[in-house]
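Peer 1: I would like to see how this sequence folds:
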Amino acid sequence: MDRSVNVTVAYYSSTGTIHRLATEIAETAEKHGAEVRLVRAAELAPAAAVQSRPAWAAHLKDTEDVPIASVDDVLWADAVVFGTPTRFGNVSAQLKQFIDTLGPAWFSGLLANKVYSAFTSGGSIHGGMETTLVSIYNMVCHFGGIIVPPGGDLNPYGTSHVLGADNKPVCDVALRAAQVQAERVVRIARALKEV
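Peer 2: Okay, here's the model as predicted:
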């Protein structure tokens, strides 16, 4: 029996935090035998807004080689891991716009029975990270997807990182959480393929 698992990590990142977590999840999934597509949601913000924040403009340039997410990336996958910074306790507009393009696939039943998981970041401990993850999982329920949170003693909903006022880089705790989450996603997706 073929035990290979296809994992798509689809994310939006403005200044690099979510990109760093996405990269960790993708690399860990590959280490556990998955075929991985790392893709990003297209930038929707006006150029003036992006240019007004040097870190945002630099990150957009640094990641221009990362493919833009497409519906095919989700259809190809046995497991999809979504990443987004929290935006007032919700998904970023960029990732939400990509998810909205999945409507015809959802209507055809093509999003069901896949593993889904999510990760996020925010400016403060109570800055809406858990509600952001739950809002993604609400959509997954409509897909007919199988939610695979990381479990354990970290954020039970998904990997998260608090930037704080000084924009802390992704810490070892968050990277370890991303590794645990990626390994679990691959393991559960593989087990479901064997059923």
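
Peer 1: secondary structure element holding residue 38?
Peer 2: Using DSSP states H and E, the secondary-structure element containing residue 38 is strand 34-40.

Peer 1: which parts of that strand are buried?
Peer 2: When burial is assessed from 16 or more other C-beta atoms under 10 Å, strand 34-40 yields the following buried residues: 34, 36, 37, 38, 39, 40. Bear in mind the C-beta positions are built from the backbone N, C-alpha and C, glycine included.

Peer 1: with pLDDT and distance to residue 47 added, can I get those in a markdown table?
Peer 2: Rendered in a markdown table, the data for the buried residues of strand 34-40 read as follows (pLDDT from 0 to 100; distance: C-beta to C-beta, whole Å):
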| residue | pLDDT | distance to residue 47 |
| --- | --- | --- |
| 34 | 97 | 36 |
| 36 | 98 | 31 |
| 37 | 98 | 27 |
| 38 | 98 | 25 |
| 39 | 98 | 22 |
| 40 | 98 | 17 |
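
Peer 1: redo the residues you listed as JSON lines? Include distance to residue 121.
Peer 2: Rendered in JSON lines, the data for the buried residues of strand 34-40 read as follows (distance: C-beta to C-beta, whole Å):
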{"residue": "34", "distance to residue 121": "23"}
{"residue": "36", "distance to residue 121": "21"}
{"residue": "37", "distance to residue 121": "21"}
{"residue": "38", "distance to residue 121": "17"}
{"residue": "39", "distance to residue 121": "18"}
{"residue": "40", "distance to residue 121": "15"}
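
Peer 1: can you tell me which of the residues you listed is closest to residue 151?
Peer 2: Out of these, the one with the shortest distance to residue 151 is residue 34. That distance is 18.6 Å, counting by C-beta to C-beta.

Peer 1: report the buried residues of the strand or helix carrying residue 135.
Peer 2: Secondary structure here is read from DSSP H and E; on that basis residue 135 sits in helix 129-143. Residues 129, 130, 132, 133, 135, 136, 137, 139, 140, 143 are the ones in helix 129-143 that count as buried (16+ other C-beta under 10 Å).

Peer 1: could you dump the residues you listed to TSV with pLDDT and distance to residue 4?
Peer 2: Rendered in TSV, the data for the buried residues of helix 129-143 read as follows (pLDDT from 0 to 100; distance: C-beta to C-beta, whole Å):
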residue	pLDDT	distance to residue 4
129	94	32
130	94	33
132	96	31
133	96	27
135	97	31
136	98	25
137	98	26
139	97	26
140	98	23
143	98	22
